[in-house]
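**Q** Next comes the sequence, and after it the predicted model I'd like to discuss.
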Amino acid sequence: MRFNTVLCVAGVLLLNLAGSFCQLDVCGRAPFNTKIIGGGNATAGSWPWHVGITLPGIPIFLCDGSLINKDWVLSSATCINKMHTSVDQIVIYLGRRSQFEPDPHQINRTVISIINHPDYNPVTEDNNIALAQLSSSVDFTDYIRPVCLAAAGSVLDEGLSSWATGWGLKDGK
């Protein structure tokens, strides 16, 4: 029995690794990115890894996140934990450009588990990161793609350009 458990765990790890490597050709690629600087409305598909997180009946997104592979979203532990609800009530919208209007490219998924960083501290907000497992895998499209994650041990040079995305407020106010 113990051998079967070890074999199953090894199999799951290999499948997840294989899944991560096979997305290298799509991660971080935004076919419609116009590289808006200084804030402004993004075009559909310009940030295909950006997701909105909310609860049923709430018309705005309560959190943002990034799709990191076909099954997982990376977000803030603080925001997700402040929802004070059962995990399966959390809804994640992918492929959506606006938090106020539906999009023909959007899909949504519920969440089946949340994993907070083991050293997350809600008082100091240290290690403020969480993973949300989607209820079912997503298919990548021009509007839904994963962000690339740095490899373990990566060193990022000072002055390296990066982007921050968020929903902002309606009409920029």
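**A** Thanks, I have the structure now.

**Q** any idea how far the residue positioned nearest the centre of the chain lies from residue 57?
**A** Geometric centre of the chain, nearest residue: residue 66, 2.5 Å, by C-alpha atoms, centre = their mean. Look at residue 66 and residue 57: by C-beta to C-beta, to the nearest Å, they are 25 Å apart. Every residue, glycine included, has its C-beta placed from N, CA and C.

**Q** circling back to that earlier point, tell me who's in contact with the residue nearest to the centre of the chain.
**A** 49, 50, 51, 73, 74, 75, 146, 147 (C-beta atoms under 8 Å, 6 or more residues apart in numbering).

**Q** If we only consider the residues you listed, which is nearest to residue 62?
**A** residue 75 (10.2 Å; C-beta to C-beta).

**Q** these two touch, right, the closest one and residue 130?
**A** Yes - under the criterion of C-beta atoms under 8 Å, residue 75 makes contact with residue 130 at 5.6 Å.

**Q** Partner strands of the longest strand along the chain and their direction?
**A** When the chain is parsed with DSSP state E, its longest strand is strand 107-116. Each strand paired with strand 107-116, and its direction, by DSSP bridges: strand 91-94 (antiparallel), strand 130-134 (antiparallel).
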